[in-house]
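Visitor: need a structure here:
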Amino acid sequence: MTERTAEFGLSEAHLMLRDNVRQFVRRELLATARKRAKQDFVEPWVVRRLGEMGLLGINMPEEYGGQPGDSLSAGIAAEEVARGNMSESILFTYPTLLHAAIKTNPGDFVHEWLTPVCRGETIIAFGNTEPGCGSDAAAIETKAVREGDHYLIKGEKTAVTMGMQAKAFYITAKTATGRSPKTITAFLVPADMPGVVRSHIPYSGCKSYGSASLILDNVRLHERYRLGQEGQAFYLAMEFFDFARVILCLMTLGAAAVSLEEAIEYAKQRRAFGQPIARWEGVSFQLAEAATLLEAARMMSYRPLWLRDQGRRHSKETAMAKWWVPQVAGRIIHHCILVCGHTGYSEEFGLEQRLRDVVGHELADGTAQIQKVVITRELLGRDYLPY
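Guide: Model (predicted):
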């Protein structure tokens with residue numbers, strides 16, 4: 001077996017994909033990555049290029065602009081693109097969410113929305129979190145009241161990633177009273193509908209997300225924009241989170257990996273007391289620890305994607321990765337900043353931006369505390385969930 005095909009857990013096709021995406025990132029994205037990371041939007045040309053390369057449609061039906069692949073492939077692409085600007089990798093999650101939701105909406109509706117998303121021609125944002133609830137997803141207050149063949153939607157969503165750029169929003173709303181997950185339904189709301197108002201939320205990190213608050217003021221929506229049947233949204237969202245949370249982990253690892261590479265190169269070049277600082281244990285041991293943590297976190301992240309591709313349950317493994325990996329990525333980047341000194345702390349270097357980006361992913365799509373609740377449920381059963 002050659003060295004190339006011996007890499008743990010990845011096929012030759014996976015390695016080729018990784019090489020191709022890494023070369024693309026170096027060739028087209030890295031030169032302006034620091035500038036783009038400080039913008040409050042994703043450059044449309046980046047979205048188009050990711051679509052043209054087929055990366056946004058990995059594991060999506062080819063008739064909708066997708067290409068063959070698996071969950072591991074999507075994770076590889078997300079990690080590699082995150083080596084440029086971490087925030088741009090979030091685009092890999094939305095086709096999966098939309099595809100899962102519109103299986104019951106075949107025909108023109110699918111081509112109208114899923115195909116442009118896979119091709120990088122449009123962006124659809126996910127609005128679930130509300131000002132009064134985040135982790136308690138069943139407590140949403142946005143309501144969708146049926147009136148004939150239309151729904152009247154009223155409520156507010158917040159922390160809507162890509163909310164300022166999106167051409168439509170995948171939102172959740174109550175179609176019945178009570179706290180049961182079966183009262184929640186999903187809708188696709190075009191951004192230009194009357195009653196849709198959005199405003200920008202300026203974050204410390206993940207600036208390219210262009211996150212937004214979204215007001216839905218009696219939006220009158222035809223029933224064809226309902227995604228799935230009434231009462232299905234909660235379960236579709238939970239299945240999606242088992243995928244998206246791992247993608248978020250790999251995004252942080254892409255940022256950590258390129259940071260470690262930069263710190264190693266800096267340590268070889270920077271001299272103190274007559275020799276490269278890489279020769280001092282205080283520096284080299286930090287880099288060795290960071291490299292070890294990176295490898296462990298990467299294996300923990302790819303395992304749930306592999307389980308997903310095998311059709312096996314992976315909620316516990318996803319939750320384990322989500323609470324631990326972003327913290328590890330932040331620790332690695334912090335080490336790298338210390339190795340690089342004031343240079344690493346400067347805005348002229350990419351490290352400080354990546355650290356702020358990674359902190360945001362400790363919160364996104366479920367905090368560490370929520371992940372531990374999921375792990376507890378999977379290990380001990382629902383009867384032993386903490387209060």
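
Visitor: Contact partners for A278?
Guide: Residues near A278 by C-beta atoms under 8 Å, 6 or more residues apart in numbering: 264, 267-268, 284, 287. For the C-beta atoms, the positions are set from N, CA and C on the backbone; glycine is no exception.

Visitor: So among these, which ones count as buried?
Guide: Listed as buried from those are 264, 267, 284, 287; burial here means 16 or more other C-beta atoms under 10 Å.

Visitor: hmm, which two among these are most spread apart?
Guide: Spanning the widest gap among these are I264 and S284, at 9.4 Å by C-beta to C-beta.

Visitor: Same list, the buried ones among the contacts of A278, but as JSON lines with secondary structure, distance to R382 and pLDDT please.
Guide: What follows is the buried ones among the contacts of A278, written out as JSON lines (DSSP: H, G, I helix; E, B strand; the rest coil; distance: C-beta to C-beta, whole Å; pLDDT from 0 to 100):
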{"residue": "I264", "secondary structure": "helix", "distance to R382": "46", "pLDDT": "97"}
{"residue": "A267", "secondary structure": "helix", "distance to R382": "49", "pLDDT": "97"}
{"residue": "S284", "secondary structure": "helix", "distance to R382": "47", "pLDDT": "95"}
{"residue": "L287", "secondary structure": "helix", "distance to R382": "43", "pLDDT": "97"}
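
Visitor: looking just at contacts, which helices and strands does the helix or strand L253 falls within meet?
Guide: For L253, the host element (DSSP states H and E) is helix 233-269. Judged by 3 or more C-beta pairs under 8 Å, 6 or more residues apart in numbering; DSSP states H and E, the packing partners of helix 233-269 are helix 71-81, helix 94-101, strand 168-174, strand 184-190, strand 275-276, helix 281-309, helix 315-345, helix 351-361.

Visitor: So which bits of stretch 207-225 are buried?
Guide: So, applying 16+ other C-beta under 10 Å, buried residues of stretch 207-225: 207-216, 219, 221, 225.

Visitor: for stretch 177-196, same thing?
Guide: In stretch 177-196, counting by 16+ other C-beta under 10 Å, buried: 183-189, 191, 196.

Visitor: Next secondary structure element downstream of the helix or strand hosting S213?
Guide: Counting by DSSP H and E, the element that carries S213 is strand 212-222. Once the chain leaves strand 212-222, the next helix or strand it forms, by DSSP H and E, is strand 226-227.

Visitor: Could I get the average pLDDT for that next one?
Guide: When pLDDT is averaged over strand 226-227, the result is 88.

Visitor: so where's the stretch 251-387 of the chain uncertain?
Guide: Across the stretch 251-387 of the chain, the ranges flagged by pLDDT under 70 are 387.

Visitor: Relative to V21, how far out is the residue lying closest to R34 once chain neighbours are set aside?
Guide: Sequence neighbours aside, G350 is the residue nearest to R34 in space, at 5.2 Å (criterion: C-beta to C-beta, 6 or more residues apart in numbering). Relative to V21, G350 is positioned 19 Å away (C-beta to C-beta, to the nearest Å).

Visitor: Look up phi and psi at K143.
Guide: Note on K143: its backbone torsions stand at phi -120, psi 150 [degrees, to the nearest 10].

Visitor: do the one 5 residues further on as well
Guide: Note on G148: backbone dihedrals following degrees, to the nearest 10 are phi 70, psi -120.

Visitor: Give me the contacts around the strand holding S213.
Guide: 125, 127, 142, 144, 147, 149-158, 160, 163-164, 169, 171, 187, 189, 193-201.

Visitor: any chance of the buried ones among the contacts of A278 in JSON lines, with distance to I333 too?
Guide: Shown next, in JSON lines, are the buried ones among the contacts of A278 (distance: C-beta to C-beta, whole Å):
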{"residue": "I264", "distance to I333": "13"}
{"residue": "A267", "distance to I333": "15"}
{"residue": "S284", "distance to I333": "18"}
{"residue": "L287", "distance to I333": "12"}
